[in-house]
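**Q** Here's a sequence, model it:
(one chain, ligands or ions: 1)
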Amino acid sequence: MAEDNTLGSADEVDESRRTFVKATGAATAATAAGVGVPSATATATRKIRKLIDEMTLEQKVGQLTQVALGESGEGFDPNDEFATHDDVETVGELFTDLHVGSILNGGASGPTFDGEEFVAGLNGLQQFVVENNEPGVPFIWGGDALHGNCLLDGCTSFPQRLNMGATRDIDLVERAATHTGESVAAMGGHWNFGPTLDVLRDMRWGRYFEGHSEDPMLLGEMGKARARGFERNGRVAATVKHFAGYGTPNTGKDRAHVRTSMRDLRTRQLPPYRRGLEEAKTVMVNSGAVNGKPAHGSPWLLTTVLRKRYDFDGVVLTDWDDFKRMLTNHEYRPDTDGGWRQAVKEGLQAGIDMHMCGGETAPTEFIDTTVDLVESGELSEKRIDESVRRVLELKHEVGLFEQPYVPEDEIGDIVGGAADVSERLAKESLVLLQNEGALPLEDDGNVLLTGPGIEDGTPNRFLMQHGGWTLGWQGVEDGFLTADGPRPRQTTIEGALADRLGDRLTHVPTEFEPAVYESIYENFDNGFFDVTDEQEAAVLEAAGTADAAVVVLGEGPHNEGFGDRDRMRFPESQRELVELVDGETGDEVPLVGVIFAGSPRGTAETFQHLDAVLFAGQPGSDAGVAIADTLFGDYNPSGKLPFTWEGNVGHVPQFYDDYPPRQSVDASAGTVQFEFGHGLSYTDWEYSELSLSADSVKDPATNPTVTARVTVENTGRMAGDHIVEVYNTEFYGSVLQPHRRLMGFERVHVDAGGSERVTIDLDLSTLEVVPGDVPGWRPKVVEAGEYECSVGAESTTLTVAKTASITDPEPAPGRYDINDDGREDFADVMALHRRLKRRR
Ligand code: NOJ
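**A** Numbering: from 1, shown residues only. Sure thing, here's the model as predicted:
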């Protein structure tokens with residue numbers, strides 16, 4: 001076992017840097033035990049400073065380099081060929097020759113899907129690094145465990161982020177994240193690239209399923225809870241991403257530029273990240289451009305806002321190859337050596353700490369360029385030292401210096417766990433969109449289940465229920481189906497219905513082939529769907545005798561730009577299938593659509609044929625039991641849409657809290673199919689006696705929360721959960737106000753015939769606007785006036801006496817940077833003085 005000479009110990013000051021770091025690594029994988037996370041002590045800070053002083057420039061820049069492993073089959077063995085780029089021969093040489101500080105396995109898949117092999121592999125590589133690399137600093141592993149640790153066979157795949165948003169259940173979402181964090185830590189990882197806090201506005205975007213919500217407060221609260229959950233064990237860092245504005249790319253094209261305004265950015269786009277930053281240790285940057293400036297080259301975003309205004313001192317990581325993307329994607333600099341050098345320089349100067357070298361960037365390209373920039377005096381070494389300090393502090397905070405290895409026998413007990421959390425989350429996330437008395441189904445008849453399903457013996461409907469970042473980047477096992485490949489722990493809709501109905505279930509699966517990324521531009525259905533003649537005949541035969549029919553509809557798993565699409569109606573074969581079943585079943589036979597999708601997939605054209613529609617999203621491992629229990633009324637649906645379900649892509653974007661005039665204020669005009677917050681239940685709910693803890697607030701800056709109370713009565717015949725939401729529905733101020741904005745929400749369980757008095761905290765910062773004329777520079781404030789607060793048809797008035805700021809009392813960052821040098825200081829006063837003098 002190592003001597004007690006870790007970063008956290010107070011009495012070790014004099015040992016040489018090499019001895020000090022090597023000694024931390026003397027603990028072997030076999031002796032790894034209980035990991036305690038040292039707090040950031042003065043001693044640690046001193047030691048980190050000393051370590052930086054003794055490092056060479058190359059070693060320092062190495063610490064700022066993250067390399068993707070696995071692109072060409074590289075594993076964790078130091079002797080494995082490093083085949084992605086030709087700068088070093090082996091994986092081990094990345095550390096001995098290039099001194100890289102971090103590795104990642106992108107795409108939710110590592111070199112193995114086996115948990116114990118994974119730990120053993122990482123431990124082995126870590127031991128090699130600590131013992132052979134100068135200066136012996138352990139590497140930090142990062143990856144995408146985004147809805148559960150879905151890098152391992154048998155994992156619990158929690159519902160995707162869009163589903164999480166539908167639950168409004170912050171505590172449960174945090175419990176899921178806590179399990180994920182434990183699993184990542186037990187696997188040997190110390191960095192999880194979530195939560196994603198990009199505001200959703202465009203359903204065409206291929207990453208819509210990742211976004212939680214289009215409402216900034218709901219999104220931010222979800223993200224904060226998830227970051228807290230990931231980091232709870234003290235051994236894993238969470239990442240707020242993709243800073244900032246990544247969720248609203250132009251025309252829904254991934255990594256396109258974002259059209260926003262200073263007012264929109266400050267009121268709606270930035271707040272979710274800011275909430276997440278209250279918990280997360282790291283940030284990943286938006287691959288796109290914001291108002292014509294690549295986010296990776298924006299000192300305003302990465303330093304002025306993030307560091308200075310938000311006081312964030314954690315590690316800022318690029319996204320995948322994003323310095324290159326400044327040349328290729330954005331055509332911001334020429335795609336030449338000079339253009340690359342300029343991009344690296346601008347990125348580091350803007351405030352990036354670590355560069356993620358994916359498939360396009362050889363680590364040496366980044367390292368050599370950066371070293372050269374410093375040696376030629378174009379970039380200060382002080383700037384590099386600052387980033388190295390942040391990286392080493394991060395490693396210290398997650399306990400890597402103290403305990404670089406993890407026990408190899410813990411992961412087995414964690415993989416596939418938290419099933420209770422996952423099942424409940426899946427149930428809570430289902431949104432009943434329409435129901436003309438069809439649901440719940442009677443439990444004594446024959447049921448036809450059809451829709452995209454099993455093909456050639458490969459149970460591939462599971463792919464639709466999990467979505468991207470599940471045992472592979474796109475959720476389809478590196479793009480290819482295998483009959484016996486790794487699977488999440490799971491129940492399927494077919495399995496759960498078969499358990500319940502036995503031979504009263506007739507299952508007629510129809511064709512589904514996932515659109516792997518090479519082929520995805522061939523269609524915009526996110527999959528290839530078909531119904532063969534035999535399947536059609538079988539459907540017709542079963543429909544004739546069915547007492548109920550369930551048609552699974554939707555889209556296949558997809559990810560990033562390869563998931564972008566330009567239409568949202570169901571694929572043709574699915575539309576025809578619904579019409580086929582509708583034509584063959586009598587009016588008394590309930591026809592139910594269940595949608596597996598990571599977006600609002602489906603239009604009125606199909607919904608009009610269905611008696612009930614259940615939006616299941618991508619509910620993950622426990623999809624089968626959650627859906628079957630809901631269809632048969634063992635669970636009463638309670639989810640609410642976290643987004644606006646637009647009627648037609650031609651109307652995009654129509655987020656619910658946009659400025660008036662919105663094309664429709666309710667679904668009746670047809671441009672919106674289902675509004676934000678829509679979700680039916682099997683019982684009826686009534687509200688009464690809405691009151692506020694205070695009808696007026698003198699100063700929102702000192703009293704940023706008001707409590708609403710409302711009585712919720714379950715007037716129907718089934719117990720159930722209900723989400724109570726309080727919206728501000730009317731206000732007149734100095735700038736446009738949305739028709740509705742969410743101020744607070746609470747989930748409550750009420751027995752049939754019962755009632756509950758529910759307490760909901762209203763976050764007054766949701767009322768903040770940027771007043772003033774077009775530029776949108778002024779401090780963000782809650783304006784004085786009368787705010788209508790509504791729960792359903794109940795409403796009351798909150799009077800705000802004084803205009804005041806809760807979150808952003810200063811003008812937009814940079815407003816007083818008159819001489820444009822990134823600082824607001826006395827030099828600006830002088831610059832302003834000179835300017836005014838000239839004007840006289
Ligand atoms: C690219 C994605 O944009 C990002 O979200 C992810 O974390 C990285 N790849 C690493 O896989």
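**Q** can we go C-alpha only for contacts and neighbour counts from here?
**A** OK.
**Q** Please list the residues of the stretch 251-400 of the chain that sit near the ligand.
**A** Asp319, Trp320 (Cα under 6 Å from any ligand atom).
**Q** Can you show me the helices along the stretch 151-300 of the chain?
**A** Applying DSSP state H, counting those that start in this stretch to the stretch 151-300 of the chain gives helices spanning 161-167, 170-187, 216-231, 262-264, 270-277, 299.
**Q** can you redo the ones you listed as JSON lines with mean pLDDT?
**A** Putting the helices of the stretch 151-300 of the chain into JSON lines (pLDDT from 0 to 100) gives the following:
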{"stretch": "helix 161-167", "mean pLDDT": "98"}
{"stretch": "helix 170-187", "mean pLDDT": "98"}
{"stretch": "helix 216-231", "mean pLDDT": "98"}
{"stretch": "helix 262-264", "mean pLDDT": "97"}
{"stretch": "helix 270-277", "mean pLDDT": "98"}
{"stretch": "helix 299", "mean pLDDT": "95"}
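**Q** Make CSV out of those and add mean neighbour count.
**A** Output for the helices of the stretch 151-300 of the chain, formatted as CSV (neighbours: other Cα atoms under 10 Å):
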stretch, mean neighbour count
helix 161-167, 29
helix 170-187, 25
helix 216-231, 27
helix 262-264, 17
helix 270-277, 24
helix 299, 20
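**Q** Please convert these to CSV, extending it with distance to Ile806.
**A** Shown next, in CSV, are the helices of the stretch 151-300 of the chain (distance: least, Cα to Cα, whole Å):
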stretch, distance to Ile806
helix 161-167, 25
helix 170-187, 22
helix 216-231, 14
helix 262-264, 16
helix 270-277, 12
helix 299, 25
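**Q** For Arg835, grab the count of nearby residues.
**A** 12 (other Cα atoms under 10 Å).
**Q** and if you look at the one 5 residues further on?
**A** Residues lying near Arg840 (other Cα under 10 Å) number 5.
**Q** roughly how far apart are it and the ligand?
**A** Distance check for Arg840 against the ligand: by Cα to the nearest ligand atom, to the nearest Å, it reads 51 Å.
**Q** What of Glu410?
**A** From Glu410 to the ligand the distance is 25 Å (Cα to the nearest ligand atom).
**Q** Tell me who's in contact with the residue nearest to that residue when sequence neighbours are not counted.
**A** Leaving aside its sequence neighbours, Glu410 sits nearest to Ala186 (Cα to Cα, 6 or more residues apart in numbering; 6.0 Å). With contacts defined as Cα atoms under 8 Å, 6 or more residues apart in numbering, Ala186 is in contact with Val119, Val406, Pro407, Glu408, Glu410, Ile411, Ile414.
**Q** switch the cut-off to 7 Å
**A** Counting by Cα atoms under 7 Å, 6 or more residues apart in numbering, Ala186 makes contact with Val406, Glu410, Ile411.
**Q** Could you dump those residues into a markdown table with secondary structure, pLDDT and neighbour count added?
**A** Converted to a markdown table, these look like this (DSSP: H, G, I helix; E, B strand; the rest coil; pLDDT from 0 to 100; neighbours: other Cα atoms under 10 Å):
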| residue | secondary structure | pLDDT | neighbour count |
| --- | --- | --- | --- |
| Val406 | coil | 97 | 26 |
| Glu410 | coil | 96 | 17 |
| Ile411 | helix | 98 | 23 |
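**Q** Pick the one among the residues you listed closest to His212.
**A** Ile411 (28.0 Å; Cα to Cα).
**Q** Surely the closest one touches Gly189?
**A** No. Using Cα atoms under 7 Å, Ile411 is not in contact with Gly189, being 11.4 Å away.
**Q** who wins for proximity to Asp721 among the helices of the stretch 151-300 of the chain?
**A** helix 161-167 (10.3 Å).
**Q** Alpha carbons of that closest one, as CSV, please.
**A** The C-alpha coordinates for helix 161-167 follow below in CSV (Å, rounded to 0.1, in the frame of the first residue of the first chain):
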residue,chain,number,x,y,z
ARG,A,161,-33.9,12.6,-21.2
LEU,A,162,-37.1,13.6,-23.0
ASN,A,163,-39.0,11.0,-21.0
MET,A,164,-37.3,12.3,-17.8
GLY,A,165,-38.7,15.8,-18.6
ALA,A,166,-42.2,14.3,-18.9
THR,A,167,-42.1,13.0,-15.3
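**Q** Which neighbouring elements make contact with that helix?
**A** helix 419-429 (3 or more Cα pairs under 7 Å, 6 or more residues apart in numbering; DSSP states H and E).
**Q** sorry, back to before: wait, which of the helices of the stretch 151-300 of the chain is closest to Glu810?
**A** Among these, helix 262-264 sits nearest to Glu810 (Cα to Cα), with 13.7 Å.
**Q** From the chain's centre, how far out is that closest one? Work that out for me.
**A** In terms of Cα atoms, centre = their mean, to the nearest Å, the centre of helix 262-264 is found 23 Å from the chain centre.
**Q** Show residues contacting it.
**A** Outside helix 262-264, the residues touching it (Cα under 7 Å, 6+ apart) are Val770, Pro775, Gly776.
**Q** could you flag which of those residues are buried?
**A** Val770, Gly776 (16 or more other Cα atoms under 10 Å).
**Q** Show the pLDDT at Pro661.
**A** Here, the pLDDT recorded for Pro661 equals 84.
**Q** That one falls within a helix, correct?
**A** No. Assignment of Pro661 by DSSP: H, G, I helix; E, B strand; the rest coil gives coil, placing it outside any helix.
**Q** And it, how close does it get to Val726?
**A** Separation of Pro661 from Val726 (Cα to Cα, to the nearest Å) stands at 22 Å.
**Q** repeat for Gly633
**A** 28 Å.
**Q** These two: which has the busier surroundings?
**A** Comparing Gly633 with Val726 by neighbour count (other Cα under 10 Å), the higher total belongs to Val726, at 25 against 17.
**Q** can you pull the contacts of that one?
**A** By Cα under 7 Å, 6+ apart, the residues touching Val726 are Leu742, Met743, Gly744, Phe745, Cys789, Ser790, Val791.
**Q** what's the answer for Gly647, then?
**A** Going by Cα under 7 Å, 6+ apart, Gly647 touches Thr603, Gly670, Thr671, Val672, Gln673.
**Q** okay, the first one: pLDDT?
**A** In this model, Thr603 is scored at 95, pLDDT.
**Q** What of the fourth one?
**A** Per-residue pLDDT puts Val672 at 90.
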